[in-house]
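Novice: give me the fold of what follows.
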Amino acid sequence: MALNVGQDFKQRWLDVPEAVRQVFIDDLYRVCNVLKPETNIQKWLEKDKEAQQLSYEKIERAYIERKAQLIEEARIRKQLALEKSLENKRAEQAAYAQALQLDEARQFAEQTQTLAFIRQTLDHETHVYTARYHKNPEGSALNFSKGMLSIPDTAMLSELESVRLRLELEAETLIEQAVTVFRAKLHQASQDEIDYILKNSDLSTEKPKH
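Specialist: Residues are numbered from 1 along each chain as shown. So this is what the prediction gives:
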């Protein structure tokens, strides 16, 4: 009578844990012993029950270990995937931060150039305005009857200096606002990375389940 092991026996045999295959081999060897003429059937039956129980325990233990191994392998794959994802996210954030820095540098250069132009314009206007007025000759009186009034140079320079300071403060305020926006964007990018890590950190603490 031929032994029918079913379809795909080779693949099914190789899929089971090695310890389980050894148990099957030991059981087959024990069954073959009962076919020998010199075997004492009664003694064989007495030991067979104990041998079967031992085989069941070995098989159960082998599958528990196999399950733990598969869970650990899955955990490692998830951990590697998480680390790769974090690495890609950090690379994206680094590129984003660099782009922000380049944009901030460009804006700072433009604002610096604008401030320099404002100062140059102020210096030119100061020179033009001061050239229009001359110091009154000593001892000369103001002639109100003709509607002429000489404006002191110090008053004109003080007014122009006030305008210059105001424009410089406005330019510096624009620069500070740009820096504040840049820092806020970097802070948000860092917070997003922290949230992402916390959200996926449970994968690294997963324990095998039996």
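Novice: mind giving me the packing neighbours of the helix or strand where S158 lies?
Specialist: Under the criterion of DSSP states H and E, S158 resides in helix 153-200. In terms of contacts (3 or more CB pairs under 8 Å, 6 or more residues apart in numbering; DSSP states H and E), helix 153-200 is packed against helix 41-132. Heads up, the C-betas are built off the backbone N, CA and C, glycines and all.
Novice: now the angle from the helix it packs on to helix 153-200?
Specialist: With axes from the mean of the first three to the mean of the last three CA atoms, to 10 degrees defining the directions, helix 41-132 sits at 170 degrees from helix 153-200.
Novice: tell me what helix 41-132 is packed against?
Specialist: Using 3+ CB pairs under 8 Å, 6+ apart, helix 41-132 sits against helix 18-34, helix 153-200.
Novice: centre of the chain versus that helix, how much separation?
Specialist: 4 Å (CA atoms, centre = their mean, to the nearest Å).
Novice: 59 is where my numbering starts, stick with that
Specialist: Happy to do that; since the first residue is 59 now, the last one works out to helix 99-190.
Novice: that one vs helix 76-92, what angle?
Specialist: Between helix 99-190 and helix 76-92, the angle comes out at 170 degrees (the same axes, to 10 degrees).
Novice: okay, and for this protein, where does confidence drop off?
Specialist: The model of the chain has pLDDT under 70 over residues 59-64, 184, 187-211, 213-215, 218, 259-268.
Novice: try it again with 50
Specialist: Along the chain, segments meeting pLDDT under 50 span 59-60, 197-209, 261-264, 266-268.
Novice: what secondary structure does P95 sit in?
Specialist: Three-state assignment for P95 (DSSP: H, G, I helix; E, B strand; the rest coil): coil.
Novice: got phi/psi on it?
Specialist: Phi and psi for P95, reported as degrees, to the nearest 10, are phi -60, psi -30.
Novice: neighbours of it, how many?
Specialist: The number of residues packed near P95 is 4, by other CB atoms under 10 Å.
Novice: again, but for V78
Specialist: V78: 19 surrounding residues under other CB under 10 Å.
Novice: so it touches A120, yeah?
Specialist: Yes - assessed by CB atoms under 8 Å, V78 is found in contact with A120 at 4.8 Å.
Novice: next one: V92 from E230, what distance?
Specialist: Using CB to CB, to the nearest Å, we find V92 at a distance of 100 Å from E230.
Novice: my guess is L158 contacts F240, does it?
Specialist: Yes - counting by CB under 8 Å, L158 touches F240, with 5.7 Å between them.
Novice: quick one: Y154 from K243, how far?
Specialist: Distance from Y154 to K243, by CB to CB: 8 Å.
Novice: just I233 next, same as before
Specialist: Using CB to CB, I233 is found at 16 Å from K243.
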